[in-house]
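S.K.: Here is the input, now give the coordinates:
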Amino acid sequence: MPKFIPAALPRRAVIVIAAVVVALAAAAAFASLRARHAESASPAEGTSAASSASGDASATGVDILLGLARDATREGRLVAPQGNNAYEYYLSVIQLEPNNVTAQDALRETLPFASQEIERQINRRQLEEARREIALLRDYDPTNYTLIILGAKLDAQQQVVTAEDEARAEAMRRRNG
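M.R.: Numbers count the residues shown, from 1 in each chain. Sure thing, here's the model as predicted:
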């Protein structure tokens with residue numbers, strides 16, 4: 001695997017991203033050829049064709065991301081695994097099209113379910129994963145009350161785990177020394 005691809009990205013996500021890049025490159029090449037051909041016929045038509053093809057390439061990328069997000073939601077991958085979950089796909093759509101109603105609605109509608117999953121992570125003491133997932137949801141809604149409560153619960157659970165670790169370490173010191 002090339003050095004520039006983070007090891008944390010699942011193979012499927014890398015393939016999907018590569019497919020999106022190839023599709024966008026092909027669309028751009030097609031738009032360029034179409035624009036050159038149109039310029040030789042009529043300069044005004046060429047500009048219109050190029051902008052239309054460019055819009056099609058963007059829509060294709062958005063459509064692919066929306067499809068991946070729907071699949072992830074259907075499969076219960078709302079916030080995990082990292083790099084291959086519905087929230088990351090929907091947030092990518094929002095980056096490409098900030099006013100995309102489909103992505104905004106999906107993020108809003110799935111927030112309660114994603115929050116429940118984060119709470120389960122905290123209860124299972126999978127604190128680093130819970131921290132990552134809270135940060136992911138805060139990218140969508142940084143002032144959400146539920147996320148503030150989950151952040152506080154995460155901090156409290158971290159303090160409990162730290163206190164338990166310190167108590168175990170102290171007990172080991174007493175036995176050994």
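
S.K.: where along this structure do the strands fall?
M.R.: For the chain, strands defined by DSSP state E do not occur.

S.K.: lowest average confidence, helix or strand, in it?
M.R.: Within the chain, no helix or strand scores below helix 11-41, which has a mean of 49 by mean pLDDT, DSSP states H and E.

S.K.: Relative to residue 165, how far out is residue 110?
M.R.: Look at residue 110 and residue 165: by CB to CB, to the nearest Å, they are 34 Å apart. C-beta coordinates here come from the backbone N, C-alpha and C atoms, glycine included.

S.K.: quick one: which of these two has more around it?
M.R.: residue 110 (20 against 10; other CB atoms under 10 Å).

S.K.: Burial check on residue 62, number of neighbours?
M.R.: Residue neighbour count, defined by other CB under 10 Å, stands at 19 for residue 62.

S.K.: ok, now residue 120?
M.R.: Under the neighbour criterion other CB under 10 Å, residue 120 is assigned a count of 11.

S.K.: ditto for residue 138
M.R.: Applying other CB under 10 Å, we find 15 residues neighbouring residue 138.

S.K.: What confidence value was assigned to the closest residue to it other than its chain neighbours?
M.R.: Of all residues beyond its chain neighbours, the one nearest residue 138 is residue 147 (5.7 Å), with distances taken as CB to CB, 6 or more residues apart in numbering. Reading off the confidence values, residue 147 has pLDDT 97.
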